[in-house]
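Novice: One predicted model, sequence on top.
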Amino acid sequence: MTSQEKLAQTRERAKNRLGWRWCFTGAVAVHQSLYLRVCALAPTAEDSAPISAPKSAYPHTFQYMRNKLSTTVCGLALCLLFASCDRPQADTADRVPDSTVNPLAALLNPDPAALAATAPDSFTLALQTSKGEIEVRVRRDWSPLGADRLHYLATHGFFDGARFFRIVPGFIVQFGLSGRPDVDRAFKRRMIADDPVTQSNRRGTLVFATSGPNTRTTQLFINLADNPSLDRRGFSPMGEVVRGMDVVDRINAEYGEQSNIQGRIEREGNAFFRARFPALDSIVHVTITP
């Protein structure tokens, strides 16, 4: 081989080595770029290899990136799921009240059809009071419209918390203002017509109070004695105490009629009683049974 041929062969080998070197350098650069992108996705030491990882890690870069992307997507999905679970529910106070959510709705804005609904032929009211239990048996045929109104009021808790605010010994015990001004206002003009008097106002009978003809709303009284004079004035009994008349007799009468200031009661409710007549007895709860 001549010297010229040897020189040509040497140049060719050098050119090949240079080409391979450039290819290797380019491959490393590409791998390094991909690896940096992966590190940008997961920069912490716990989640990814450091920048100075050995070259043996580079062939796994594409697999690592795919796995890391999958992990990231799953993580985001879980975050969204947890966020939706933790999202607070809408405040029920912002909803339009109805009788299933707010029991007072039936008292603040009574449905006319429900208010005029026919009561059962007879039913019993159990009045849990601050003095004990009073049981009243109501008979619709005695006073139909009165029984219907009484059934509606008791069903919807109108009397719960009401005070016995007028006691006239030997005559009557009166109650039937709810102690909640907004509720009392709702019924102030919702009067019912009079019923014929079919039963006498004897001791223990339950009767609607009135302020004149056809003005019954929510106020009631229990006769403490036989009061036949009330029959002639149109007061129609609709039921009678069948148990607990001794409780009725023990209701606190120390204020007499002093606490019967109905304008203040309607405006201020039970706050008025608590401030001025704190010893008045009250109804805790009324239960209806057939």
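Specialist: Sure, I can see it. Numbering: from 1, shown residues only.
Novice: quick one: the strands in this protein?
Specialist: Listed in chain order, the strands of the chain (DSSP state E) span 122-129, 132-139, 166-168, 172-175, 205-208, 220-223, 237-243, 283-289.
Novice: which one of those lies closest to residue 195?
Specialist: strand 237-243 (7.7 Å; CB to CB). Just so you know, the C-beta spots here come from the backbone N, C-alpha and C atoms, and that holds for glycine as well.
Novice: by contact count, what packs against the closest one?
Specialist: Helices and strands touching strand 237-243, by 3 or more CB pairs under 8 Å, 6 or more residues apart in numbering; DSSP states H and E, are strand 132-139, helix 144-155, strand 205-208.
Novice: And the first one, what's buried?
Specialist: Buried residues in strand 132-139, defined by neighbour count with 16 or more other CB atoms under 10 Å: 134, 135, 136, 138, 139.
Novice: next one: the longest one
Specialist: When neighbours are counted by 16+ other CB under 10 Å, the buried residues of helix 144-155 are found to be 144, 145, 146, 147, 148, 149, 150, 151, 152, 153, 154.
Novice: rewinding a little: for residue 252, which of the strands of the chain is the nearest?
Specialist: For residue 252, the closest of those is strand 166-168, at 7.3 Å, according to CB to CB.
Novice: contacts for that closest one?
Specialist: Surrounding strand 166-168, the residues in contact under the criterion CB atoms under 8 Å, 6 or more residues apart in numbering are 172-175, 221, 224, 251-253, 255-257, 259-260.
Novice: top of these by neighbour count?
Specialist: residue 175 (26 neighbours; other CB atoms under 10 Å).
Novice: ok so, going back, could you say which one of the strands of the chain comes nearest to residue 111?
Specialist: Among the strands of the chain, the nearest to residue 111 by CB to CB is strand 283-289 (18.5 Å).
Novice: Within the sheet, what are the partner strands of the closest one, with directions?
Specialist: Partners of strand 283-289 in the sheet, by DSSP bridges, are strand 122-129 (antiparallel).
Novice: relative to strand 237-243, how tilted is the strand it pairs with?
Specialist: 60 degrees (axes from the mean of the first three to the mean of the last three CA atoms, to 10 degrees).
Novice: Where does pLDDT dip in the stretch 1-150 of the chain?
Specialist: When residues are selected by pLDDT under 70, those of the stretch 1-150 of the chain lie in 1-103.
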